[in-house]
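Trainee: generate a structure from the sequence data that follows.
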Amino acid sequence: MMNKKLSKPTIIFHWITGLIFIGVLALGLYVDSLPRAPEKFELLGIHKSFGVIVLLVAALRLLWRLKEGAISSIAQLTKVQVFLAKSVHHLLLLGTLLMPISGIMMSIGSGRAVELFGLELVSAGDKIEWLATIGGNVHGAAANVLITVLLLHIAGALKHQFIDKDGTISRMLGKTVVTKIQ
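Mentor: Predicted structure coming up:
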């Protein structure tokens with residue numbers, strides 16, 4: 001038998017990053033659908049502030065992951081499943097960094113300050129059109145890709161928990177999962 005418990009920081013970083021990221025993504029999609037009005041810009045400020053938080057937490061999560069190593073799978077996986085799982089995890093890690101960075105590029109490129117709930121982190125400056133354009137293109141394209149990857153991640157976790165019954169979600173909730181050594 002083998003104990004497959006995850007460390008508390010791994011679990012905490014996973015859930016904090018995931019939940020805030022999903023919230024920021026949902027808020028961004030909602031804000032994008034609004035007409036130009038004061039409410040839109042107020043919500044956009046909240047979206048940007050939480051985006052900065054996602055960047056900070058995701059960077060810490062990445063550092064922790066580099067220190068601790070990749071999470072091993074509970075189940076025996078085929079080569080295709082290993083490839084898909086690693087691809088999804090790497091894309092999610094990259095996306096939680098790339099989305100806020102591209103959003104910051106859009107703000108700076110548009111000559112706007114980068115703020116965290118009113119605290120100015122980067123002052124407003126001159127417009128840098130190419131930076132705003134690259135940031136906007138990456139932000140828009142990455143959002144669509146990340147929605148798909150996020151849905152694949154959730155579907156995979158649900159499959160493992162409820163079809164394979166290997167305890168994947170239980171482990172991500174901090175429970176000890178004991179498996180037979182294969």
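Trainee: now do the helices in the protein.
Mentor: In the chain, the helices defined using DSSP state H lie at 8-33, 38-68, 79-109, 129-158, 168-172.
Trainee: between those helices, which one is nearest to Leu121?
Mentor: Proximity to Leu121 (C-beta to C-beta) singles out helix 38-68 among the helices of the chain, at 6.9 Å. Using the backbone N, CA and C atoms, a C-beta is placed for each residue, glycine as well.
Trainee: distance between the closest one and the chain's centre?
Mentor: Centroid separation for helix 38-68 versus its chain: 9 Å, with C-alpha atoms, centre = their mean, to the nearest Å.
Trainee: and that helix, what does it pack onto?
Mentor: helix 8-33, helix 79-109, strand 114-116 (3 or more C-beta pairs under 8 Å, 6 or more residues apart in numbering; DSSP states H and E).
Trainee: how about the spatially most central residue of the chain, what does it touch?
Mentor: Centroid check for the chain by C-alpha atoms, centre = their mean gives Thr96 as the closest residue, at 3.4 Å. Going by C-beta atoms under 8 Å, 6 or more residues apart in numbering, Thr96 touches Thr17, Phe21, Val54, Leu55, Ala58, Arg61.
Trainee: just the buried ones from those residues?
Mentor: Thr17, Phe21, Val54, Leu55, Ala58, Arg61 (16 or more other C-beta atoms under 10 Å).
Trainee: just the pLDDT at Ile163, thanks.
Mentor: Per-residue pLDDT puts Ile163 at 87.
Trainee: residues of stretch 166-180 that come out buried?
Mentor: Within stretch 166-180, the residues scored as buried using 16+ other C-beta under 10 Å are Asp166, Gly167, Thr168, Ser170, Arg171, Met172, Val177.
Trainee: returning to what we had before: and which of the contacts of Thr96 is nearest to Ser123?
Mentor: Leu55 (18.1 Å).
Trainee: and Gln182, what pLDDT?
Mentor: pLDDT at Gln182 comes out at 47.
Trainee: before we move on, the earlier item: output the helices and strands packed on helix 38-68 as JSON lines; include the columns distance to Val149.
Mentor: Listed next are those as JSON lines, based on distance: least, C-beta to C-beta, whole Å:
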{"stretch": "helix 8-33", "distance to Val149": "11"}
{"stretch": "helix 79-109", "distance to Val149": "5"}
{"stretch": "strand 114-116", "distance to Val149": "26"}
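Trainee: out of the ones you listed, the one nearest Ile46 is which?
Mentor: Of the helices and strands packed on helix 38-68, nearest to Ile46 by C-beta to C-beta is helix 8-33, at 6.8 Å.
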